[in-house]
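*Asks:* whatever this is, show me its structure:
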Amino acid sequence: MLQKIILRDQIGSWLQEQLLSGSLQNGEKLSLVDISKDLEVSVTPIREALSQLSRAGIVETIPNRGFFVPALSAKEAQDIYPAIYALEKLALEQSKLDSELLIRLKQIQTKFENAISNEEAARFDLEFHEILISNYENRVTANILRDLKIRVFFYELEYMNSKNHKKSSETHLKIIQALEVGNKSKAYRLLQQNWETSAEFIEKHYAKNSSIL
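*Replies:* Model prediction:
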């Protein structure tokens, strides 16, 4: 039983990496047969992994049709961004800030600034936020946040596709500067601004492109 659970979790992690790499697209059907061939495992643990991801809201189960990467929707974006900010702010409030954390933030910020594609920029953007709360010790909340951020990746990719890389980069730098001088209150405001800027763009984007709602 233990090996079965480990295999299911490994497949789940692999699927999440596929989502974050841009290999899977929103609205795409997830073929158990194709995944089975790629990973050289039976469909049973794949189905279990997808069911687990479905419960976390990362994939969608449609009765009699199978598993899908959920299509983007304005309503989901309106729900997900405030939730991410609230949990991330809580995590940052309860995190220890040290010199090593600041070094790691600067390193990922450099990668973000030098990203060669929108997909890479979106991944480095999320990694910046992951590092920001990496000293947070509440694993339950941290795992919930990770699931939400996997889902928000597709929205952030849409944001980066519209040449908003520079806006996020500027806010990241200001967050780092605020943390360097110990001004957590300012860092919280900037963090909220960072997520709200993305959310506002997504809302306007879908208002103009209602056909994809």
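*Asks:* domain assignment for the protein?
*Replies:* Domain assignment for the chain, taken from automatic domain parsing, gives 2-68, 74-212.
*Asks:* out of the ones you listed, which gets the lowest mean score?
*Replies:* Note on these: domain 2-68 shows the lowest mean pLDDT, a mean of 86.
*Asks:* now mean neighbour count too, for the domains of the chain, in CSV please.
*Replies:* Heads up, the C-betas are built off the backbone N, CA and C, glycines and all. As requested, the domains of the chain are arranged in CSV below (neighbours: other CB atoms under 10 Å):
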stretch, mean neighbour count
domain 2-68, 15
domain 74-212, 17
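*Asks:* the strands in the protein, which residues?
*Replies:* 29-30, 60-62, 66-68 (DSSP state E).
*Asks:* and the second one, which strands flank it?
*Replies:* In this case it means strand 60-62. Listed by DSSP bridges, the sheet partners of strand 60-62 and their directions read strand 66-68 (antiparallel).
*Asks:* neighbouring contacts of the strand it pairs with?
*Replies:* Defining contact as CB atoms under 8 Å, 6 or more residues apart in numbering, one finds that strand 66-68 is touched by Gly27, Glu28, Lys29, Leu30, Ser31, Leu32, Leu50, Ser54, Val59, Glu60, Thr61, Ile62.
*Asks:* which of those residues sits closest to Ile108?
*Replies:* Of all the contacts of strand 66-68, Ile108 sits closest to Val59, with 27.0 Å by CB to CB.
*Asks:* mind listing what that closest one touches?
*Replies:* By CB under 8 Å, 6+ apart, the contact list for Val59 reads Leu15, Leu30, Leu50, Leu53, Phe67, Phe68, Val69, Pro70.
*Asks:* OK, contacts around the second one?
*Replies:* Okay, so that is Leu30. Residues counted as contacts of Leu30 (CB under 8 Å, 6+ apart) are Leu15, Leu24, Leu50, Val59, Gly66, Phe67, Phe68, Val69.
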